[in-house]
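J.: Predicted structure and sequence below. I'll ask about it afterward.
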Amino acid sequence: MKHLAYLNKYFWKYRWRLIPGILFVIISNIFGVLPAPVIRLSFDLVTENISIYHLYHGFERQKIIYNLLGDSLLLFGAIVLLMAVLRGLFLFFMRQTIILMSRHIEYDLKNEIYAHYQLLSLAFYRRNNTGDLMNRVTEDVSRVRMYLGPSIMYAINTAVLFLMVIYAMLLVNVRLAIFSLLPLPVLALAIYLVNTEINHRSERIQERLSGLSSFVQESFSGIRVIKSYVRENFITGSFRTESEAYKTDSLSLVKVQALFYPVMLLLAGMSTLITVYVGGIEVMKGNITAGNIAEFIVYVNLLTFPVLSLGWVTSLIQRAAASQKRINEYLQTVSEIDQPKAPEIDIKGNIEFKNVSFTYPDTGITALKEVSFSVAPGELIAIIGRTGSGKSTIANLLMRMYDCTSGEILIDGKPIQTLNLENYRAQTGFVPQEVFLFSDTIANNIAFSVDKMDMPRVEQAARSAAVYDNIAAFDEGFLTMIGERGVTLSGGQKQRVSIARAVFKQPKILIFDDCLSAVDTKTEEEILNNLGEVMRGRTSLLIAHRISTIKNADKIIVLDNGKIVEQGTHNELINLKKVYFELYEKQLLEESESVN
Ligand SMILES: Nc1ncnc2c1ncn2[C@@H]1O[C@H](COP(=O)(O)OP(=O)(O)OP(=O)(O)O)[C@@H](O)[C@H]1O
């Protein structure tokens, strides 16, 4: 329950919906209880007057008594009807305030969680899977809403009604009151147990369902592999097994649900039965009137639904508390990357790594060891090395996706951690190794860094990335949709759109993480020539595997197993005749073999 206390700030925010809501609950219950004494009056009226009516048998007066009785009953009926209408009206207001409040809070909470997600570091996203992150904004928030809306509403309703009805019952007859209320706690407990079991089984079904959809999603994504390995039958079989488990669980849920209504009706019926039996004895003793029995039956019926909802509400609150606990875990997670409130400055592009070592927090892999190098503004630095040698890690640290474990990274002589993070990232263009494009138009993908579209700049960026002609060849040009429901770009086209996105930003520092691997050497040359223009006056960091890509760099760093093993210009490194030279020879050999 303490986890739900987090939501109290929202109750305060929406207090002018909650307080009238509670008032409407009270008023609607008054109109719910009042018909009971009216019904008692009308019952007693009939029983008392029926003998007088018979007494005047054969007399003119009998008709008058009959009419009088009829009129009075009609009046009582009209009063009961009016009360029901008024009760309905206030129930409507109650929903309009409390349920609406829950929807507003649901909206606020979703936004709060999502905004918090945006602040969290890359390491957080590595630690948690996407499905789990999504569930907290959707499923968990929906469960919390059930607490904020229906649970609170029914809980208040039950409390108010209980107080009113039990007070009214005790006023009439204590013994009858105790007897008629006796089965209700049993009813509440039974409903709670059945409900818990229903929730338990529903949860299992939900897990099965998400397992099933993940399975289907993965098999559709990997359909090419499935077909080429002729595994369709195997996959269909696996799907059938998953579906079978889902069916079995669904059937077991239906069995428990089938129990729900009979148990409820049986126990509610017991209350009425006891009321009539004990009430009858009390009438015979002369303690109460027959009208009181009718009145009590109305009371018992009034209490049945709140008692039912008590079990339901308890399990809803339990589920909401578990969900809020999960939500709080994320909301209380703070990003490892702190964002200092430093002033915004224009960076020049001087980069210096001083004895930088880095260990990935989630895996404990030390990816960089005592790395030191510096780049002057406007220089092009290239990094080459075997896979897993730590090249992308340098790019990650430079984008401040992580902070280094030891050593220091200086930008224009200032430690990177002291810079205004948003301002710094806004002046840095990053082309990641794994291309990611949004399901949107090509133009919007390229102009992702700005709110307002600038078509000439988009076209220029596309030219620099040597992808302009490809885009122009599409029927809708830059307005072509890409992604799930749009055209599928080739690997090389995607890489170039991704480059155009970074170039569009016109940043002070450009980082290309192995982003020319999917283009042929001719296109690579074209891109590098174009980028030569773009990169003038900007510091660039080019990560690559091919020496042809980087040989014109001002400085080349050769990484091996997280350490810098050589650094210098292409000619200097060739003259060293060590690691770089060997790599060069090997690549030349591979090229001449592929030509032959
Ligand atoms: N997000 C991560 N979390 C944990 N470990 C990581 C992460 N990214 C990389 N590593 C590990 O760090 C080491 C260096 O990886 P990195 O991606 O920097 O190499 P790379 O030189 O860019 O390789 P490639 O050329 O294959 O892209 C590897 O051992 C890798 O397994």
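T.: Sure, I can see it.
J.: quick one: contacts for the closest residue to the ligand within the stretch 1-150 of the chain?
T.: Scanning the stretch 1-150 of the chain for the residue nearest the ligand gives Arg126, at 5.2 Å (criterion: Cβ to the nearest ligand atom). C-beta here means a position set from N, CA and C on the backbone, and glycine is covered the same way. Listed by Cβ atoms under 8 Å, 6 or more residues apart in numbering, the contact set of Arg126 reads Asp362.
J.: List the backbone torsions phi and psi for it.
T.: Taking degrees, to the nearest 10, you get phi -70, psi -40 for the backbone angles of Arg126.
J.: Without its sequence neighbours, what residue ends up closest to Thr393?
T.: For Thr393, ignoring the flanking residues on the chain, the nearest one in space by Cβ to Cβ, 6 or more residues apart in numbering is Ala367 at 4.1 Å.
J.: Does the one you found belong to a helix, a strand or coil?
T.: Classification of Ala367 using DSSP: H, G, I helix; E, B strand; the rest coil returns strand.
J.: how near is it to Leu74?
T.: 88 Å (Cβ to Cβ, to the nearest Å).
J.: Name the residue in those two with the higher neighbour count.
T.: Looking at Ala367 and Leu74 with other Cβ atoms under 10 Å, you find the greater number of neighbours at Ala367, namely 24 against 11.
J.: show me where pLDDT drops low in this structure?
T.: Along the chain, the parts satisfying pLDDT under 70 run over 484-486, 594-596.
J.: For Leu122, give me its contacts.
T.: Asn396, Met401, Tyr402.
J.: isn't the second one right next to Ser121, touching?
T.: Put plainly, it is Met401. Yes: using Cβ atoms under 8 Å, Met401 is in contact with Ser121, at 7.1 Å.
J.: Common neighbours of the two, please.
T.: By Cβ under 8 Å, 6+ apart, the residues touching both Met401 and Ser121 are Ile337.
J.: in the helix or strand harbouring Val46, what's buried?
T.: Val46 belongs to helix 35-55 when assigned by DSSP states H and E. Going by neighbour count (16 or more other Cβ atoms under 10 Å), the buried part of helix 35-55 is 35-46, 49, 53.
J.: next structured bit after it?
T.: helix 61-94.
J.: need the buried residues of helix 35-55 in a markdown table with distance to the ligand, can you?
T.: Shown next, in a markdown table, are the buried residues of helix 35-55 (distance: Cβ to the nearest ligand atom, whole Å):
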| residue | distance to the ligand |
| --- | --- |
| Pro35 | 68 |
| Ala36 | 68 |
| Pro37 | 72 |
| Val38 | 72 |
| Ile39 | 72 |
| Arg40 | 74 |
| Leu41 | 77 |
| Ser42 | 77 |
| Phe43 | 77 |
| Asp44 | 81 |
| Leu45 | 82 |
| Val46 | 82 |
| Asn49 | 88 |
| Tyr53 | 91 |
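J.: Adding distance to Leu421, write those residues out as JSON lines.
T.: Shown next, in JSON lines, are the buried residues of helix 35-55 (distance: Cβ to Cβ, whole Å):
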{"residue": "Pro35", "distance to Leu421": "65"}
{"residue": "Ala36", "distance to Leu421": "66"}
{"residue": "Pro37", "distance to Leu421": "69"}
{"residue": "Val38", "distance to Leu421": "70"}
{"residue": "Ile39", "distance to Leu421": "71"}
{"residue": "Arg40", "distance to Leu421": "73"}
{"residue": "Leu41", "distance to Leu421": "75"}
{"residue": "Ser42", "distance to Leu421": "75"}
{"residue": "Phe43", "distance to Leu421": "76"}
{"residue": "Asp44", "distance to Leu421": "79"}
{"residue": "Leu45", "distance to Leu421": "80"}
{"residue": "Val46", "distance to Leu421": "81"}
{"residue": "Asn49", "distance to Leu421": "86"}
{"residue": "Tyr53", "distance to Leu421": "90"}
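J.: so which of the contacts of Leu122 is the most crowded?
T.: Neighbour tally across the contacts of Leu122 (other Cβ under 10 Å): the maximum, 22 neighbours, falls on Asn396.
J.: which non-adjacent residue is nearest that residue?
T.: Per Cβ to Cβ, 6+ apart, closest to Asn396 is Tyr402, 5.6 Å.
J.: what about the one you found, distance to Ala465?
T.: Tyr402 is 27 Å from Ala465, by Cβ to Cβ.
J.: Please apply the same query to Leu398.
T.: For Leu398 relative to Ala465 (Cβ to Cβ), the value is 21 Å.
J.: higher neighbour count, the two?
T.: Ala465 (31 against 20).
J.: Just list the residues touching the residue of the stretch 201-350 of the chain found nearest the ligand, thanks.
T.: Residue nearest to the ligand within the stretch 201-350 of the chain: Glu336 (13.0 Å; Cβ to the nearest ligand atom). Listed by Cβ under 8 Å, 6+ apart, the contact partners of Glu336 are Ser121, Ala123, Phe124, Pro361, Tyr402, Asp403.
J.: Select from those every entry located in helices.
T.: If you go by DSSP state H, the contacts of Glu336 have Ala123, Phe124 in helices.
J.: For the helix holding Val46, what is the distance to the chain centroid?
T.: Taking Cα atoms, centre = their mean, to the nearest Å, one finds helix 35-55 lying 60 Å from the centre of the chain it belongs to.
J.: Likewise for stretch 301-316?
T.: Mean-position distance between stretch 301-316 and its chain equals 29 Å (Cα atoms, centre = their mean).
J.: Quick check on Ala382: phi, psi?
T.: Dihedral angles (degrees, to the nearest 10) for Ala382: phi -120, psi 150.
J.: Also Asp338?
T.: phi -80, psi 150.
J.: and Gly407, which of the three is it?
T.: Of the three states, Gly407 takes strand under three-state DSSP.
J.: which non-adjacent residue is nearest Gly378?
T.: Nearest-residue entry for Gly378: Gly537, 5.2 Å, with adjacent residues in sequence omitted and distances by Cβ to Cβ, 6+ apart.
J.: same check, this time on Ser214
T.: Gly131 is the one closest to Ser214 (Cβ to Cβ, 6+ apart), at 7.2 Å.
J.: From the contact counts, what lies against the helix or strand hosting the one you found?
T.: Using DSSP H and E, Gly131 sits in helix 130-137. Counting contacts by 3 or more Cβ pairs under 8 Å, 6 or more residues apart in numbering; DSSP states H and E, helix 130-137 is packed against helix 100-119, helix 290-331.
J.: quick check: angle from the helix or strand following it to helix 100-119?
T.: Using DSSP H and E, the helix or strand that follows helix 130-137 in sequence is helix 139-146. With axes from the mean of the first three to the mean of the last three Cα atoms, to 10 degrees applied, the angle from helix 139-146 to helix 100-119 works out at 150 degrees.
J.: Could you list the buried residues of helix 139-146?
T.: For helix 139-146, the neighbour count (16+ other Cβ under 10 Å) marks Asp140, Val141, Arg143, Val144, Arg145, Met146 as buried.
J.: which of those lies closest to Ile113?
T.: Sorting the buried residues of helix 139-146 by distance to Ile113 puts Val141 at the head of the list, at 7.1 Å, by Cβ to Cβ.
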